[in-house]
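# fold the following and give me the result.
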Amino acid sequence: MSNTSNTDPETASENWTEMMEGMNDAMSKSIEQNMQAQAAFMESWSNAFDGASGGAESGEDMEAVMSEGMEGYGRAQEIWMDAAERMVERVTDAAEGEDVSITEFRDIWLQSANEAFGEVMSTTAFAAGTGQTVSQMMELQQQADDLTQETLEQLGFATSEDVEEIGARLIELERRQHDVSKKLDRVLEELDGE
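You can find the predicted model right below:
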């Protein structure tokens with residue numbers, strides 16, 4: 001905005017136009033970020049249900065998980081709708097002349113995203129999906145570790161098992177050497193005493 005007096009109608013009009021353009025840019029960025037957050041939210045929610053369906057033991061269990069997941073999603077949607085209403089209220093306040101910070105819009109969406117994700121992440125469906133994903137990652141990690149060990153053995157390199165065994169042997173040798181040193185010190189003390 002320019003620093004000239006707001007008494008000039010032309011300047012006031014320019015200032016109003018600049019302010020509205022800034023608010024429109026901020027709103028469009030907020031809406032775009034909101035859409036991206038909702039898309040990520042829907043993807044994680046969908047993944048949670050896919051994961052939960054693999055972990056449910058019976059049809060009744062799956063139905064309960066799905067029902068709870070839908071309730072969590074419904075609560076999350078309510079949070080998003082409340083955020084949209086608050087955004088409209090703040091835009092209206094700004095249009096009526098109230099000083100509304102652009103960061104307030106960002107904060108509304110960030111708070112809403114945290115609350116909405118919390119609603120979904122607290123469901124059994126999300127927990128089951130996360131548990132299944134972690135389990136699959138652990139299995140993949142174990143398979144990769146096994147393959148690495150086999151490859152190292154075939155190439156004649158020391159494996160982690162070999163290194164651990166050598167480390168245990170070295171510790172045992174140090175313990176024995178310490179015992180021998182103590183006995184030798186006692187023998188030398190007795191010889192010096194004679």
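# from here on, contacts and neighbour counts on C-alpha atoms
Fine.
# this structure - how does it break down into domains?
Residue ranges of the domains in the chain are recorded as 9-142, 158-193, according to automatic domain parsing.
# select, out of these, the one closest to residue 148.
Proximity to residue 148 (Cα to Cα) singles out domain 158-193 among those, at 8.5 Å.
# can you redo the domains of the chain as JSON lines with mean pLDDT?
Putting those into JSON lines (pLDDT from 0 to 100) gives the following:
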{"stretch": "domain 9-142", "mean pLDDT": "75"}
{"stretch": "domain 158-193", "mean pLDDT": "91"}
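# just the ones you listed: most buried one?
Highest mean neighbour count of the domains of the chain: domain 9-142, a mean of 16 (counted as mean count of other Cα atoms under 10 Å).
# how long is that domain end to end?
In domain 9-142, first residue to last residue: 73 Å (Cα to Cα, to the nearest Å).
# after the helix or strand residue 17 falls within, which helix or strand is next?
Secondary-structure assignment from DSSP states H and E places residue 17 in helix 9-55. Along the chain past helix 9-55, the next helix or strand (assigned with DSSP H and E) turns out to be helix 59-95.
# and the next helix or strand past that following helix?
Moving toward the C-terminus from helix 59-95, the next helix or strand (DSSP H and E) is helix 102-121.
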